[in-house]
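1. Pasting a predicted model and its sequence here:
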Amino acid sequence: MFEYMNPGILLVGTLSIIGTILVMILTSGKAYHDNKEVKPPYMMIFLLVISVGMMIEDGLSNKEKVLNNIKSFKENKTLRCNTLGSTYIVSKEEGWSRHKDGFTKNDLFFKLEFCEAEEE
């Protein structure tokens, strides 16, 4: 699952998890130091669950998309791969081949995450 995860979401999710845990530790330590009752930080726990949920959902949806692209390519369907400024049509008929985690033809290479199967 993590190999298909967007690195930006992985980084933001990890930082939010670490930040949330750090805030929970600091607030508990301050309450303990002031001899106050340590209350469960429900809002922090909620944020922690949301962060982990976003990371898992992103990884699973990207994995499903990649596996669908591989299946479509093997079934000789056409895929549309996007870059920042261009869109390419990828298919076996056009001379594209599968290479590790993407599609390649001559000097072009597209990662599986940036392609989408076309509807017929």
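-> Arrived safely.

2. which stretches of this protein form strands?
-> 79-82, 87-90, 97-99, 102-105, 108-111, 115-117 (DSSP state E).

3. So for the helix or strand bottoming out on mean pLDDT in the chain, what gets flagged as buried?
-> Here the helix or strand of the chain ranked lowest by mean pLDDT, DSSP states H and E is helix 7-33, holding a mean of 85. Residues of helix 7-33 classed as buried by neighbour count (16 or more other CB atoms under 10 Å): 9, 13, 16, 20, 24. (Each C-beta comes from the backbone N, C-alpha and C, glycine too.)

4. Show me what the lengthiest helix in the chain is packed up against.
-> Using DSSP state H, we find that the single longest helix of the chain is helix 42-74. Applying 3 or more CB pairs under 8 Å, 6 or more residues apart in numbering; DSSP states H and E, we find helix 42-74 packed against helix 7-33, strand 79-82, strand 115-117.

5. So which of these is nearest S97?
-> Judged by CB to CB, the one of those that comes nearest to S97 is strand 79-82, at 12.6 Å.

6. Just the CA trace of that closest one, in PDB.
-> This file holds the C-alpha atoms of strand 79-82, laid out as PDB (Å, rounded to 0.1, in the frame of the first residue of the first chain):
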ATOM      1  CA  LEU A  79      -4.800   4.400 -21.300                       C
ATOM      2  CA  ARG A  80      -4.500   8.100 -21.100                       C
ATOM      3  CA  CYS A  81      -1.300   9.300 -19.300                       C
ATOM      4  CA  ASN A  82      -1.000  12.900 -18.200                       C
END
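
7. quick one: contacts of that strand?
-> For strand 79-82, contacts defined as CB atoms under 8 Å, 6 or more residues apart in numbering pick out 69, 72-73, 87-91, 103, 110, 114-118.

8. Return the set of buried residues in it.
-> Under the neighbour-count rule (16+ other CB under 10 Å), strand 79-82 has 79, 81 buried.

9. Neighbouring strands of it in the sheet, and parallel or not?
-> strand 87-90 (antiparallel), strand 115-117 (antiparallel) (DSSP bridges).
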